[in-house]
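*Asks:* Return a 3D structure for these sequence lines:
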Amino acid sequence: MKDIQKYLYTVYCVGLVLMNILASKQVDIFMFTINLGLFISPIVFIINDIQSEVFGYKSAKSMIKTGLVVNLSAAIFYFVAVNVPPSVNFVNQEAFQSVLGSTIRITVASITAYYIGSLINAKVMVSLKRKYDKYLFFRAITSTIAGQIVDNVVFMTLAFAGILPSGAIITMVIGGTIIETLYEVIFYPVTRTVIKKLRV
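*Replies:* Residues are numbered from 1 along each chain as shown. A predicted model of the protein is given here:
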């Protein structure tokens, strides 16, 4: 069981790092503007659901704290890498800085947002279990919606306030929450299967 938790921790932390890098690019899907990190974010929340459901809130909180350390470490290394004087042979400093330089602010926003959102997701998942133990789908989706709304509001505000128009930020919050929730609905069979196997 400990080996399984190690895999969950690994995928969770890798997902967080990828999410921060991809979040620096925005794309338009129908009427919504979203950042590409939102395609990784639901994976992180699904693992959070699995961890909370199978191992409990304390274990999920421990994983969230591990992710916090990983994110902080990545932010420090990004900052150092961007500010170290480049070689005269390195001609991509501007491109390198545009991606990883912006990631510093995004990482700080992501750390704050994901920490709060993940804790809410785990807490709601575990709290609902007391009354709705047999309704895993309801608990998984409800906890995701609660966590993602908070995550998106905090992240979009901290990461893009003063950079993007407020209208774009609002559409990113709404669009992100809808897409992430649909993502979880689509992959719910995977979540359910993993949880059932871990419970055996």
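*Asks:* Surely residue 176 is in contact with residue 156?
*Replies:* Yes: counting by CB atoms under 8 Å, residue 156 is a contact partner of residue 176 at 7.5 Å. (Glycine included, C-beta is placed from N, CA and C.)
*Asks:* And residue 34, which helix or strand is it part of?
*Replies:* With elements taken from DSSP states H and E, the one containing residue 34 is strand 32-35.
*Asks:* what about residue 186, how many residues close to it?
*Replies:* The local packing count at residue 186 equals 10, with neighbours defined by other CB atoms under 10 Å.
*Asks:* May I have the phi/psi pair for it?
*Replies:* Recorded main-chain torsions at residue 186 are phi -60, psi -40, according to degrees, to the nearest 10.
*Asks:* Residue 79 versus the residue nearest in space to the middle of the chain, what's the distance?
*Replies:* Taking CA atoms, centre = their mean as the criterion, residue 41 is the residue nearest the geometric centre of the chain, at 3.7 Å. Separation of residue 41 from residue 79 (CB to CB, to the nearest Å) stands at 23 Å.
*Asks:* Surely residue 64 and residue 118 touch.
*Replies:* Yes: because the distance of 4.7 Å satisfies CB under 8 Å, residue 64 is recorded as touching residue 118.
*Asks:* More neighbours: these two, which one.
*Replies:* Counted by other CB under 10 Å, residue 64 and residue 118 do not tie: residue 118 has more neighbours, with 28 against 23.
*Asks:* so which helix or strand takes in that one?
*Replies:* With elements delineated by DSSP H and E, residue 118 resides in helix 93-129, which encompasses its position.
*Asks:* now the angle from the helix or strand following that helix to helix 93-129?
*Replies:* Elements were assigned by DSSP H and E; along the chain past helix 93-129, the next helix or strand is helix 136-160. Taking axes from the mean of the first three to the mean of the last three CA atoms, to 10 degrees, one finds helix 136-160 and helix 93-129 inclined to each other by 150 degrees.
*Asks:* thinking again about what came up before, using PDB, write out every CA atom in the strand holding residue 34.
*Replies:* As requested, C-alpha coordinates have been extracted for strand 32-35 and formatted as PDB (Å, rounded to 0.1, in the frame of the first residue of the first chain):
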ATOM      1  CA  PHE A  32     -14.000  30.800 -22.700                       C
ATOM      2  CA  THR A  33     -10.400  31.700 -22.300                       C
ATOM      3  CA  ILE A  34      -8.500  29.100 -20.300                       C
ATOM      4  CA  ASN A  35      -4.800  28.400 -19.500                       C
END
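*Asks:* Show residues contacting it.
*Replies:* 22-28, 168, 171-172, 174-176, 178-179 (CB atoms under 8 Å, 6 or more residues apart in numbering).
*Asks:* what is the mean pLDDT for it?
*Replies:* Over the span of strand 32-35, the pLDDT mean works out to 73.
*Asks:* what are the pairing partners of that strand, and which direction each?
*Replies:* Take DSSP bridges as the rule and strand 32-35 pairs in its sheet with strand 26-29 (antiparallel).
*Asks:* about what we covered before: so what's in contact with residue 64 and residue 118 at the same time?
*Replies:* Where contact means CB under 8 Å, 6+ apart, the residues bridging residue 64 and residue 118 through contact with each are residue 48.
*Asks:* Done for today, thanks.
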